[in-house]
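**Student:** Just to be clear, the model below is a prediction. Sequence and coordinates:
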Amino acid sequence: MSYSTKDRLLAGRVKQRITYWGIDVFLAHEDIKPSKEWQDEIIRNLRGCSVFIPLLTKHFGQSEWTDQESGMALIESKIVIPLSVKNVRPYGFLARYQASKLRVKALDRSCEELLLAMRNNNKLRKNVQDSFIQSFLRSGSYDEANAKSKLVERLGPYNKRQVNEIIEGSIINSQIYDGFTANPKIRQFFALNRKLVDRHLRKKFIAQFGAAN
């Protein structure tokens, strides 16, 4: 994520919410250790990232480094998804990209929409889905399992491997199969994807969740 240091608190909040859904996010001010050459570290992460997210606020264009980071992301042919705060529009070379709105007062919802925007990119889809699946199946509380279960179907459709991974992981995680929201969501997911579920997992699922509607 590229941002002005004046927006580092907002960038940190966005990172926290995206990370919640299983996506790794690099923020220079949080992730660079003082002993490292920070410019080299930023370049290394720019080259290694899957998607470049400029955080467009009124401060973005005033930063000494954001335009350089954006230029390098374009040279490296990175997927670019700008985040627009208060309708700040992408400019320069970034103007060719459709921005996602970031509503600070509805940050959770905005970050969910960003996740869906990444999932809608064919080059990112599989990695986004796999990262989310792992995050969902590691849910350590009922609240987490219930919240993440609401996005399971929205991030589909999934391939056979992914469907079976979701079913198998849900069977063994009590936070999911006992979750007030997660249980019916996964039952519905099973019903919609039943043909893709391996036979031995169907029996285990029904034994754990009961017959799907």
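**Tutor:** Yes, it's here.
**Student:** Keeping just the C-alphas, turn the helix or strand bottoming out on mean pLDDT in the chain into PDB.
**Tutor:** Sorted by mean pLDDT, DSSP states H and E, the helices and strands of the chain end with helix 28-31, the least confident at a mean of 80. This file holds the C-alpha atoms of helix 28-31, laid out as PDB (Å, rounded to 0.1, in the frame of the first residue of the first chain):
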ATOM      1  CA  ALA A  28       6.500   0.900   5.000                       C
ATOM      2  CA  HIS A  29       6.200   2.700   8.400                       C
ATOM      3  CA  GLU A  30       5.000  -0.500  10.100                       C
ATOM      4  CA  ASP A  31       7.000  -3.200   8.300                       C
END
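**Student:** In that helix, which of the residues would be classed as buried?
**Tutor:** Under the neighbour-count criterion of 16 or more other CB atoms under 10 Å, helix 28-31 has Ala28 buried. Glycine gets a C-beta too; all of them are placed from N, C-alpha and C.
**Student:** pLDDT (mean, whole number) over the next helix or strand after it?
**Tutor:** Remark: after helix 28-31, the chain's next helix or strand is helix 38-48, criterion DSSP states H and E. Throughout helix 38-48, pLDDT has a mean value of 88.
**Student:** swap in stretch 109-119?
**Tutor:** Averaging pLDDT along stretch 109-119 gives 94.
**Student:** Likewise for stretch 3-17?
**Tutor:** 94.
**Student:** which parts of it are buried?
**Tutor:** Tyr3, Ser4, Asp7, Leu10, Ala11, Gly12, Val14, Lys15, Arg17.
**Student:** With stretch 59-66 instead?
**Tutor:** Within stretch 59-66, the residues that count as buried by 16+ other CB under 10 Å are His59, Phe60, Ser63, Thr66.
**Student:** Wait, the third one touches Ser4, no?
**Tutor:** Put plainly, it is Ser63. Yes: assessed by CB atoms under 8 Å, Ser63 is found in contact with Ser4 at 4.2 Å.
**Student:** quick revisit: and the buried residues of stretch 3-17, which two are furthest apart?
**Tutor:** Farthest apart among the buried residues of stretch 3-17 by CB to CB are Ser4 and Arg17. That separation is 19.1 Å.
**Student:** can you pull out the strands in this structure?
**Tutor:** Secondary structure of the chain by DSSP state E: the strands cover 51-52, 55-56, 79-80, 83-85, 100-102.
**Student:** Could you say which of those is packed most deeply?
**Tutor:** Ranked by mean neighbour count, the strands of the chain are led by strand 55-56 with a mean of 25 (mean count of other CB atoms under 10 Å).
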